[in-house]
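Q: Fold the following for me, if possible:
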Amino acid sequence: MKPYLLLSAIFLLSGCPGYSDRMADRVTANVSLRNGSICIAYPSQYGDRIIAAEISSASGETVNHAFYKNPFIPEGDRCLPTLGYVFKPGIKYSVNYTLDNTRFDMWKIVTITFEIDPNVPGKIRIER
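A: Sure, this is the predicted structure:
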């Protein structure tokens, strides 16, 4: 009896993702160099709004910014904001943007992980 009670308690307390616990969809971004600067873009849709950005590096630096009051509206292949961050060769970076669209129920995460090759100028290695 006790083992069943213990298993039941563990199952009920641990929880399971349900309909209301959906995870945000992930959209893979593209990264390139434009005029010597990092440009992060993705195939935007009508109504998309970037409401938050996070840039983190393997060296431990992290920059966060919220655009809630003034969301960034991506258009075409326009570069997403990099918050003035200086990307250095040889360091791996992970960049995430929280995307909101009034036409959809869920937020999306626009994400890319990359490193600027320290040995080949202008080459970017993308981690998929």
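Q: Show me what the spatially closest residue to Phe72 that is not a sequence neighbour is bridged to.
A: In this structure, Phe72 finds its nearest non-sequential neighbour in Ile50, 4.1 Å apart by CB to CB, 6 or more residues apart in numbering. The way it works is simple: take the backbone N, C-alpha and C, and place the C-beta from them, glycine included. Residues found in beta-bridge contact with Ile50 (criterion: DSSP bridges) are Phe72, Leu99.
Q: Where does the most centrally placed residue in the chain sit, in terms of helix or strand?
A: For the chain, Asn96 is the residue whose C-alpha lies nearest the centre (CA atoms, centre = their mean; 2.1 Å). Assigning secondary structure by DSSP states H and E places Asn96 in strand 92-101.
Q: Give me the contacts around that strand.
A: Under the contact criterion CB atoms under 8 Å, 6 or more residues apart in numbering, strand 92-101 has outside partners 24, 27, 29, 31, 40, 45, 47-58, 71, 80, 82, 87, 107-115, 127.
Q: Give me the subset of those that lies in strands.
A: Within these, membership in strands is found for 27, 31, 40, 48-57, 108-115, 127, as judged by DSSP state E.
Q: Please spell out the PyMOL selection for the buried subset of these.
A: In PyMOL, selecting the buried portion of these, with burial taken from 16 or more other CB atoms under 10 Å, looks like this:
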select buried, resi 27+31+40+48+49+50+51+52+53+54+55+56+57+108+109+110+111+112+113+114+115
